[in-house]
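Novice: how would this look folded up:
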Amino acid sequence: MAVVTEDMAPGDKIPIHRHPHADELILIQSGTGKVMLGDKVQVAHAGAIVFIPKDTWISMENIGADHLTHTDIWSTSGHEEYMRAVSVPVGQPVVPMTKQELMEIRKKFTHYAIFQ
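Specialist: Got it, this is the predicted structure:
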């Protein structure tokens, strides 16, 4: 099992992707998100739980005026390695990656996440 937290500013998006290795739960603590799960799109608010079966396409966008905070739980570990590779430690400045850098990281972790 792996657990991560994320804080999405208004307008932030998690791109369309799928996890071939694990089921996932997204627990939304605050904010409002538009969630695409497979071929369905729904709005999810604070308190919502989104279940994503293994190998199902998923994306989420913060469509509210406030931050969208959520906790993601995978049924097996591994994806947290990708999240660490694309994240910045608390208190460190955010330096945007180049598209090439991001593509290299995504290529390295395709056993945990496949992006469209």
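
Novice: CA only for contacts and neighbour counts going forward, please
Specialist: OK.

Novice: quick one: average confidence on the helix or strand containing R84?
Specialist: Using DSSP states H and E, R84 falls within helix 79-86. Averaged across helix 79-86, the pLDDT comes to 89.

Novice: right, and the helix or strand after that helix?
Specialist: Next along from helix 79-86, by DSSP H and E: helix 99-108.

Novice: angle of that next one against helix 79-86?
Specialist: Helix 99-108 runs at 160 degrees relative to helix 79-86, counting by axes from the mean of the first three to the mean of the last three C-alpha atoms, to 10 degrees.

Novice: Now do the helix or strand that comes right after helix 99-108: distance to the chain's middle.
Specialist: On the C-terminal side of helix 99-108, the closest following helix or strand by DSSP H and E is strand 114-115. Using C-alpha atoms, centre = their mean, to the nearest Å, the mean C-alpha position of strand 114-115 is found 11 Å from that of the whole chain.

Novice: what lines up beside strand 114-115 in the sheet?
Specialist: Sheet pairing for strand 114-115, assigned by DSSP bridges, gives strand 13-18 (antiparallel).

Novice: Could you pull out the buried residues of the partner strand?
Specialist: Buried residues in strand 13-18, defined by neighbour count with 16 or more other C-alpha atoms under 10 Å: 13, 16-18.

Novice: could I get those residues as TSV with distance to H79 and pLDDT?
Specialist: Formatted as TSV, the buried residues of strand 13-18 follow (distance: C-alpha to C-alpha, whole Å; pLDDT from 0 to 100):
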residue	distance to H79	pLDDT
K13	18	97
I16	15	97
H17	12	96
R18	11	96
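
Novice: which one of these sits closest to S77?
Specialist: Proximity of those to S77, judged by C-alpha to C-alpha, is greatest for R18, which lies at 14.8 Å.

Novice: Quick check: the closest residue to that closest one other than its chain neighbours vs A113, distance?
Specialist: Distance criterion C-alpha to C-alpha, 6 or more residues apart in numbering; nearest residue to R18, sequence neighbours excluded, is W57 at 4.7 Å. For W57, the distance to A113 equals 10 Å [C-alpha to C-alpha, to the nearest Å].

Novice: Find residues that contact each of those two.
Specialist: Here W57 and A113 have 17-19 as joint contacts, going by C-alpha atoms under 8 Å, 6 or more residues apart in numbering.
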